[in-house]
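**Q** Fold the following and give me the result.
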Amino acid sequence: MAKTLPKTDVVIVGVGWAGGIIASELTKKGLNVVGLERGKERKTEDYFMVHDELRYALRYEMMQDLSKETITFRSNEGVRALPMRQYGSFLIGDGLGGAGVHWNGQTYRFLPYDFEIKSKTIEKYGKNKIPPEMTIQDWGITYDELETYYDKFEKMAGISGEENPLGGKRAGPYPMPPMKQTEGIKLFMDATKRMKLNPYMMPSANLSDAYTNPDGIARAGCQYCGYCERFGCEYGAKADPVVTVIPVANGTGKFQIRTHSDVRRILHKGGKATGVMYVDVTTGEEIVQPADIVVVTSYVFNNVRLLLMSRLGKPYDPASGSGVVGKNYAYQVIKGAAVGFFDDKQFNTYAGAGSLGASIDDYNGDNFDHSSLNFIHGGVVSLSQTGARPIQSNRVPSGTAGWGKEFKAQSIHYANRTLAVGTQGASMAYKHHFLDLDPTFKDAYGDPLMRITFDFEEQDRQLAKFLSERCSEIVKEMGAGKVDFLKELGPYEIMSYQSTHNTGGVIMGADPSSSAVNNYSQMWDADNVFVVGASSFPQNGGYNPTDTVGALAYRAAEGILKYREKGGMLV
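**A** This is a model prediction of the structure:
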């Protein structure tokens, strides 16, 4: 028999970026909020002098324990899905702050085109440009409507950056100037300018200097130590929920965080949620937390899985195309990097930061003509200097033996003579790419695992080839003597790391028949449930998702406060 606790105004499932932002905004307005986090407590002191690449980057100290819960994967419905038993393609965070603690800090805004992709593509190129099986859709909100929330996130996080010449209009500049330019970044910027392209410094959540945000949170500037991705920041210079929004919520006295609390069901009756049921991981006890409003802000897979296990919303059926929960899973095309080997230059690539770099958007969105191309959209192209840590940094030119005397000699020679220009290609949604509950494999509680059905399409192959060729042109212009780049994109595989930019499954839109939430992240099927995160993306853009997730969280918080006053559907 589950123990039932006193009711609270709001219960939040998952205390990462979205959950932390919403907790901060609601508690500042006097609401009582309970945050349930299945992982452990985290604080900056945990990372003092812990630059341990083996522990964090290779043994995944900050990630979910796959022996207790994982995902299963298949490339199509004709094959059996199998569990991901060790980390590869993406990393699922665990603990207070979620993936917002171990991210790199690259904080791009999506382009205006991203939010109206279907209508703008048809308007410019006609209906035939979109294949019948591609299920892209407009978000039900425009860039201009979301801009004020982007601005709010960036000021809270202290984003360091400069104007993107090809980006959406901004209400004002970034709150902090851009990061430093290294020799490699200067090479990239000079080369792209000679090519008549439009470079700009990458927007960074790694502070370029000391900063105090509008909530009064003061943080130190980045030390360029090169330990951002897969690591917590010992300086607090990298914006994460633990050093920004969670302290604000805690300071109100209205926020209660319960770590080691694994939410297994949203409880609901008559089209309304009544609370959640979770397990205290330390004792195994089942606990019911009643609430007036339920906010689901965990990672993409858990957002979808929790709704499906709770039987909240109509599950997506790929055969008929009906239903919405699990629909439009998307990823990204990352395998387009060009690596340049320089015999006449050396670089200090061991120093760096998660978002130290420069980018161009000339090949992103619809910033270039697609009339003669067999794909839509594109991707950001960047040179980033995240820090060449010793274990995972060992580039040698193609054709080099994989071991032995030649391999050792080339490894030593090129240890500080390589630069890479990479891309993040957008991922379009397809009818046959989706998330559902696996009928065979279970978690530690006996509940079904999340199953991914996904593969690269011809759209992805054409896009990857195009972007890879552009990257190679830039590296050659930078003066590299040898250049390796992707010639052809093979099938998607889950074994090697690509990006933790999974999206979709609880998608946003203007129509309940084709989306799960409205543009306030409010569920169409239960008006007191809000589902916030990259699970809202109807397809994925050519950028990192975090800035957009943060903007959606601020808008959702505004919507929850409106709902608290008047109730009913906000859209």
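**Q** report the longest strand in this structure, please.
**A** strand 286-296 (DSSP state E).
**Q** what about whichever helix or strand comes after that strand, distance to the chain center?
**A** Sequence-wise, the next helix or strand downstream of strand 286-296 (DSSP states H and E) is helix 300-310. With CA atoms, centre = their mean, to the nearest Å as the basis, helix 300-310 stands 17 Å off its chain's centre.
**Q** who's in contact with whatever helix or strand comes next after helix 300-310?
**A** Moving toward the C-terminus from helix 300-310, the next helix or strand (DSSP H and E) is strand 327-330. Applying CB atoms under 8 Å, 6 or more residues apart in numbering, the contact partners of strand 327-330 are 135, 137, 316, 427-429, 433-435, 452-454, 502-505, 507, 516, 537-540. In short, each C-beta sits where N, CA and C put it, glycine included.
**Q** average pLDDT across strand 327-330?
**A** Strand 327-330 carries an average pLDDT of 98.
**Q** Adjacent strands (with direction) for the helix or strand just after that strand?
**A** Toward the C-terminal end, the helix or strand that comes next after strand 327-330 (DSSP H and E) is strand 338-341. Strand 338-341 has the following strand partners under DSSP bridges: strand 418-425 (antiparallel), strand 482-485 (antiparallel).
**Q** mind checking which of those strands is nearest residue 57?
**A** With CB to CB as the criterion, residue 57 lies closest to strand 418-425 of the strands paired with strand 338-341, at 17.3 Å.
**Q** tell me which residues of the longest strand of the chain are tucked away?
**A** 287-296 (16 or more other CB atoms under 10 Å).
**Q** The stretch 151-300 of the chain: strands as residue ranges?
**A** Shown for the stretch 151-300 of the chain, the strands assigned by DSSP state E, counting those that start in this stretch span residues 200-201, 211-212, 218-219, 255-258, 261-269, 272-280, 286-296.
**Q** Show me how far the third one is from its chain's centre.
**A** Going by CA atoms, centre = their mean, the spacing between the C-alpha centre of strand 218-219 and its chain's C-alpha centre is 24 Å.
**Q** Tell me the helices and strands packed up against that strand.
**A** In terms of contacts (3 or more CB pairs under 8 Å, 6 or more residues apart in numbering; DSSP states H and E), strand 218-219 is packed against strand 211-212.
**Q** what does the strand it packs on contact?
**A** So strand 211-212 is contacted by 158, 175-176, 218-219, 221 (CB under 8 Å, 6+ apart).
**Q** Pull out the buried members of those.
**A** For these, buried by 16+ other CB under 10 Å: 158, 175-176, 219, 221.
**Q** closest one to residue 372 among the strands of the stretch 151-300 of the chain?
**A** The nearest among the strands of the stretch 151-300 of the chain, by CB to CB, is strand 200-201 at 27.5 Å.
**Q** Not counting its own residues, what contacts that closest one?
**A** In contact with strand 200-201 (CB under 8 Å, 6+ apart) are residues 161-165, 178-179, 181, 185, 357-360.
**Q** ok, back up a step: check the buried ones among the contacts of strand 211-212 and tell me the two furthest apart.
**A** Applying CB to CB across those, the maximum distance is between 175 and 221, 13.1 Å.
**Q** contacting residues for the residue lying closest to residue 533 once chain neighbours are set aside?
**A** Leaving aside its sequence neighbours, residue 533 sits nearest to residue 18 (CB to CB, 6 or more residues apart in numbering; 5.3 Å). Contact analysis of residue 18 by CB under 8 Å, 6+ apart lists 297, 532-533, 549-550, 552-553, 556.
**Q** what separates the residue of the chain most remote from its centre from residue 411, distance-wise?
**A** Relative to the centre of the chain, the most outlying C-alpha is that of residue 405, 40.6 Å out, by CA atoms, centre = their mean. Using CB to CB, to the nearest Å, one obtains 11 Å as the distance from residue 405 to residue 411.
**Q** got it, and residue 445?
**A** 46 Å.
**Q** Equivalent analysis for residue 440, please.
**A** Residue 440 is 43 Å from residue 411, by CB to CB.
**Q** Kindly report the same for residue 272.
**A** For residue 272 relative to residue 411 (CB to CB), the value is 61 Å.
**Q** cool, residue 58 as well?
**A** Distance, residue 58 to residue 411, by CB to CB: 18 Å.
**Q** go on, residue 387?
**A** Counting by CB to CB, the gap from residue 387 to residue 411 is 18 Å.
**Q** which of those two has more neighbours?
**A** Taking other CB atoms under 10 Å, residue 387 and residue 411 do not tie; residue 387 has more neighbours (22 against 14).
**Q** Just to be sure, that one is in a helix?
**A** No. Looking at residue 387 with DSSP: H, G, I helix; E, B strand; the rest coil, it is coil, so not inside a helix.
**Q** what residues are up against it?
**A** Residue 387 neighbours (CB under 8 Å, 6+ apart): 224-228, 349-353.
**Q** do the same with residue 290
**A** Per CB under 8 Å, 6+ apart, neighbours of residue 290: 4-8, 274-275.
**Q** If you rank the residues you listed by neighbours, which is first?
**A** Most surrounded of those: other CB under 10 Å gives residue 275, at 22 neighbours.
**Q** I figured that residue hits residue 291, correct?
**A** Yes. Residue 275 lies in contact with residue 291 (CB atoms under 8 Å); the separation is 4.8 Å.
**Q** which residues do those two both contact?
**A** Residues touching both residue 275 and residue 291 (CB under 8 Å, 6+ apart): 7, 11.
**Q** May I have the distance across stretch 306-318, first residue to last?
**A** 20 Å (CA to CA, to the nearest Å).
**Q** Residues touching it, excluding its own?
**A** Outside stretch 306-318, the residues that touch it by CB under 8 Å, 6+ apart are 13, 77, 263-268, 273, 296, 298, 322-327, 431-432, 434-437, 447-448, 453, 506, 516, 523-526, 529, 531.
**Q** Narrow the residues you listed to just the buried residues.
**A** Looks like the contacts of stretch 306-318 have 13, 263-268, 273, 296, 298, 323-327, 431, 434-437, 448, 453, 506, 516, 523-526, 529, 531 buried, using 16+ other CB under 10 Å.
**Q** Let me see the backbone angles for residue 285.
**A** Phi and psi for residue 285, reported as degrees, to the nearest 10, are phi -70, psi 140.
**Q** show me what contacts it?
**A** Counting by CB under 8 Å, 6+ apart, residue 285 has contacts 3, 279.
**Q** Next: residue 352.
**A** By CB under 8 Å, 6+ apart, residue 352 lies in contact with 182, 224, 226, 384-388.
**Q** Give me the local confidence score for it.
**A** At residue 352, pLDDT is 95.
**Q** low-scoring pLDDT stretches of this protein, where are they?
**A** Within the chain, not a single segment meets pLDDT under 70.
**Q** how about the helices of it, start to end?
**A** Secondary structure of the chain, counting by DSSP state H: helices at 17-28, 53, 112-115, 117-125, 143-157, 183-194, 245-251, 300-310, 405-413, 458-477, 546-566.
**Q** highest average neighbour count across those?
**A** A comparison of the helices of the chain by mean neighbour count, using mean count of other CB atoms under 10 Å, puts helix 17-28 on top with a mean of 28.
**Q** So what angle separates the directions of that helix and strand 286-296?
**A** Orientation check (axes from the mean of the first three to the mean of the last three CA atoms, to 10 degrees): helix 17-28 against strand 286-296 gives 90 degrees.
**Q** coming back round to it: next one: the longest strand of the chain to chain centre, how far?
**A** For strand 286-296, the distance to the chain centre is 26 Å (CA atoms, centre = their mean).
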